[in-house]
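Peer 1: sequence plus the predicted model coming up.
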Amino acid sequence: MLSQLGALFDPEGFIPHGHCYLWLPEVLWLHVIADATITLSYFTIPFALAYFVKRRTDLPFKSAFVMFGLFIMLCGFTHVLGIVTIWTPIYWIEGVVKAVTAFVSLATAAVLWPLTSKALALVSPSALLVRSREIQTELRRDLMERQLAEKALFEEKERLRVTLSCIGDAVITTDIFGNVTYLNPVAETMTGWTSQEANGLPLPDVFHIVNSETNEIVSNPVEMVLRTKQTVALPLHTLLIQRSGNTFPIEDSAAPIRDQHGEIMGAVLVFHDVTHAHKMATEMTYQASHDASTGLINRREFERRLEHALQTAQQEDKQHTLLYLDLDQFKIVNDTCGHIAGDELLRQLTSVMHANLRSNDTLARLGGDEFGLLLESCASGTALRVAELLRQTVREFRFVWQDRVFTVGASIGLVTFSDAKETLGDILRKADAACYLAKDKGRNRVQIYTVDDTRLAQRHGEIGWVGRIQQALEEQRFVLYAQQILPLEDSPDASEHYEVLLRMLDEDGKLIPPMAFIPAAERYGLMPQIDRWVVATAFAQYRRRHPPGSALGTCAINLSGTSICDESFHKFVADQFDLYKIPPVGICFEITETSAIANLAQATALISQLKDLGCRFSLDDFGSGMSSFAYLKHLPVDYLKIDGGFVKDMLEDPIDHAMVEAIHRIGHVMKIETIAEFVENEAILVALRRVGVDYAQGYGIEKPYLNECLRA
């Protein structure tokens, strides 16, 4: 075997490379062309690899490509030398090249062999295609999601833009440095800056605010937000100065704008014009303290100022004076021309009175036709001159309405105060008492309050009764007494006839006569409430005293003049009849002649309404008025109660006796029965029988008594 290999490589039998082709030229040129083609291909491959490596700078194993390219290049050289040695046998060069090629091939193999495992780990083309399609799908999905996100973001920004454009509040946003980034349309209008003009400017250049009371610049709210990182609000009385110089009272708040990580990226300022709200608040404050008709301050505000004046009088030892004015004959204007005319009269009269006052005097309308005037730092002497001037001014005033001319007067109560012990209520009560005393003395006069005035003391006493009467009503301390009305003609069929009389019990249970509290109740409007209590109580007692099936009696109940004018009183009485189920014929209402004549139309209407129900009526104190007989024919009453002033002296005074006879005769002519009051003894009773009077009532017949069955 070794000998054979030695023979194979023995140079003795070596034939030069080109000689094997000498005998066959066609094969020789085929060899040349083939080597040339191979050489060209080998030289082309390295250049392609070099171009590829240059373009793909990210290749992880460039050395393998370099080694492989060098190997291919050397292989090409071996084929070139194969052609050359056909004609020029320079085999040593060919041997050297082949040796180098062999070395490079080994080096290339050494480099490529470790890369084989990496190459095997590469994804196959089909897998790459699938992955490529997946990546394309993911890219399309990501692209679509991005487009949807961009669309949603655009829509959100558009909604925000439209919202900020439509809301009524002004909105300004800034960056973290306090520079303006956006103004909505309302903010543009209020500041006078467009969003584009203001963009990038410091907020104070666009949003210029001052205190409306001090005119001092207000601190930048956005700067406070960025410093404190909290929401802040503007102080009260803030004015926004527009770019043009106009001002707006505003209210606002500023808050930080944070990113998704909670970091502050700017601030937002929201504010609105409160001009209308301030105007409404001012109007409401004015309306709460002023009278709508005259523009004067009202009672509430007047009492507040009077309270302040009382404090200054106590603290600074000053004298102030209060005038309480009540217009006379004002009701005539309201009744004849309506409330519109009355309001116009008050407006004109207010203007006239103001012309005679000092700038620091306070005139107020306290209600209806009542006015109050506070004269600060004014003693009683000066105040009296002012009061007389006002009284004369009012008296000389002429009010013209639809070709009619009216005059009014003023009753004025004057009280000067400086005593630290006096309260607001004390001052008002004194002034009110003096005013009403001026009315009682004939109206259109000034009455000064003095402590020793007995009539003022009486007036004060009446005021004190108001609270006692109201408390007695609440605590059920009113009681009804009864007094018999005796028929003077004996008749076996005569039914029980009596009058219920009102009494009041004091806090200790002692009896208080009616004339102690009735005047105060009449003056201060408490009689309607008392009358209703009397009617309801008397009806309940009548039902117990005259149960169904027993003989009927006649119960006389007194009514005040106020109830006569009460349009709802008729319905109240009808409701009480329905409640207690008593016969209306058993009830006789008594009204005084004076109240009936003073309210003739209302009295006639009420008598007719209640007589339609079946009630009877008695005219009390008949003969005390100057026009009794003239008015009698207009009042459809059933009884005349002859005034006790005539009855008690009829035995000694022939004129009184004649009056009793005359009243009785007129009553019988009109088919009205007569009742004599104040019958104090048997002699008067005998005289009344001779005259022919039908009934008698008085202490000579029976003293008023409290029957337990009559008490409520």
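Peer 2: Arrived safely. This is a predicted model, so every value here is computed, not measured. Numbering: from 1, shown residues only.

Peer 1: can you pull out the strands in the stretch 351-500 of the chain?
Peer 2: Taking DSSP state E, counting those that start in this stretch as the test, the strands found in the stretch 351-500 of the chain are 362-367, 370-375, 399-401, 404-406, 409-417, 446-448, 478-484, 486-487, 497-505.

Peer 1: quick one, which of those is nearest to Leu606?
Peer 2: Each of the strands of the stretch 351-500 of the chain has some distance to Leu606 by C-beta to C-beta; the shortest is strand 497-505, at 19.0 Å. (Each C-beta comes from the backbone N, C-alpha and C, glycine too.)

Peer 1: and the contacts of stretch 475-490?
Peer 2: Here stretch 475-490 makes contact (C-beta atoms under 8 Å, 6 or more residues apart in numbering) with 471-472, 494, 497-506, 530, 533-534, 537-538, 541, 554, 556, 675, 685, 688-689, 693-697, 701-707, 710-712.

Peer 1: ok, back up a step: out of the strands of the stretch 351-500 of the chain, flag the one nearest Thr393.
Peer 2: The nearest among those, by C-beta to C-beta, is strand 409-417 at 8.6 Å.

Peer 1: name the strands paired with the closest one and say parallel or antiparallel.
Peer 2: Applying DSSP bridges to the sheet, strand 409-417 is found paired with strand 320-328 (antiparallel), strand 446-448 (parallel).

Peer 1: ok, residues contacting the following helix or strand past the first one?
Peer 2: Following the chain from strand 320-328 toward its C-terminal end, the next helix or strand by DSSP states H and E is helix 330-337. Counting contacts by C-beta under 8 Å, 6+ apart, the residues outside helix 330-337 that touch it are Ala341, Gly342, Leu345, Asp369, Phe399, Trp401, Gln402, Arg404, Phe406, Val408.

Peer 1: relative to strand 409-417, how tilted is helix 330-337?
Peer 2: On the basis of axes from the mean of the first three to the mean of the last three C-alpha atoms, to 10 degrees, helix 330-337 is oriented at 150 degrees to strand 409-417.

Peer 1: give me the angle between helix 330-337 and strand 370-375.
Peer 2: Between helix 330-337 and strand 370-375, the angle comes out at 140 degrees (the same axes, to 10 degrees).

Peer 1: residues of helix 330-337 that come out buried?
Peer 2: Residues Phe330, Val333, Asn334, Cys337 are the ones in helix 330-337 that count as buried (16 or more other C-beta atoms under 10 Å).

Peer 1: can you check the pLDDT for Arg141?
Peer 2: The score at Arg141 is 87. That number is its pLDDT.

Peer 1: dihedrals phi and psi, it?
Peer 2: For Arg141, the backbone dihedrals are phi -60, psi -40 (criterion: degrees, to the nearest 10).

Peer 1: could you measure from it over to Cys588?
Peer 2: 104 Å (C-beta to C-beta, to the nearest Å).

Peer 1: check Ile217 too.
Peer 2: Going from Ile217 to Cys588 by C-beta to C-beta gives 84 Å.

Peer 1: tell me which of those two has more neighbours.
Peer 2: Between Ile217 and Cys588, counting by other C-beta atoms under 10 Å, Cys588 is the more crowded of the two (19 against 12).

Peer 1: who is the more buried one paired with across the strands?
Peer 2: When bridges are taken as DSSP bridges, the partners of Cys588 come out as Ala556, Arg616.

Peer 1: isn't it right up against Asp620?
Peer 2: No: at 10.7 Å, Cys588 does not count as touching Asp620 under the criterion of C-beta atoms under 8 Å.

Peer 1: now do the domain split for this structure, please.
Peer 2: Following automatic domain parsing, one gets these domains for the chain: 16-121, 167-279, 290-450, 472-710.

Peer 1: Glu150: which of the ones you listed is closest?
Peer 2: Of all the domains of the chain, domain 167-279 comes closest under C-beta to C-beta, at 17.7 Å.

Peer 1: most tightly surrounded among the strands paired with strand 409-417?
Peer 2: Highest mean neighbour count of the strands paired with strand 409-417: strand 320-328, a mean of 24 (counted as mean count of other C-beta atoms under 10 Å).

Peer 1: state the mean pLDDT of that strand.
Peer 2: 91.

Peer 1: and it, how far out from the chain's middle?
Peer 2: Relative to the chain's own centre, strand 320-328 is displaced by 36 Å; criterion: C-alpha atoms, centre = their mean, to the nearest Å.

Peer 1: try stretch 136-144
Peer 2: 58 Å.

Peer 1: quick one on the thing from earlier: just the buried members of the contacts of stretch 475-490?
Peer 2: 472, 497-504, 530, 533-534, 537-538, 541, 554, 556, 675, 685, 688, 693-697, 701, 710.

Peer 1: need the pLDDT of His460.
Peer 2: Value listed for His460 in the pLDDT field: 59.

Peer 1: nope, Ala420 is what I meant
Peer 2: So Ala420 comes in at 59 (pLDDT).

Peer 1: before we move on, what about Lys98?
Peer 2: pLDDT for Lys98: 75.

Peer 1: measure it to Trp113 for me?
Peer 2: Distance from Lys98 to Trp113, by C-beta to C-beta: 22 Å.

Peer 1: before we move on, what about Ser351?
Peer 2: According to C-beta to C-beta, Ser351 and Trp113 sit 122 Å apart.

Peer 1: same question, Trp193
Peer 2: 77 Å.

Peer 1: between these two, which one's more packed in?
Peer 2: Trp193 (21 against 9).

Peer 1: verify the stated contact: the more buried one with Val206.
Peer 2: Yes: under the criterion of C-beta under 8 Å, Trp193 makes contact with Val206 at 5.0 Å.

Peer 1: shared neighbours of the two, anything?
Peer 2: Common neighbours of Trp193 and Val206 are listed as Leu183 (criterion: C-beta under 8 Å, 6+ apart).

Peer 1: for the nearest residue to Ala233 once chain neighbours are set aside, name its beta-bridge partners.
Peer 2: Nearest non-adjacent residue to Ala233, counting by C-beta to C-beta, 6 or more residues apart in numbering: Ser253, 4.6 Å away. Listed by DSSP bridges, the beta-bridge partners for Ser253 are Ala233, Val270.

Peer 1: returning to that earlier point: what's the most buried one of the strands of the stretch 351-500 of the chain?
Peer 2: When you average the neighbours per residue for each of the strands of the stretch 351-500 of the chain (mean count of other C-beta under 10 Å), strand 409-417 leads with a mean of 25.

Peer 1: got a list of what the spatially closest residue to Asn444 that is not a sequence neighbour touches?
Peer 2: Leaving aside its sequence neighbours, Asn444 sits nearest to Gly409 (C-beta to C-beta, 6+ apart; 3.5 Å). By C-beta under 8 Å, 6+ apart, Gly409 lies in contact with Leu327, Asp328, Gln329, Arg391, Val394, Arg395, Arg443, Asn444.
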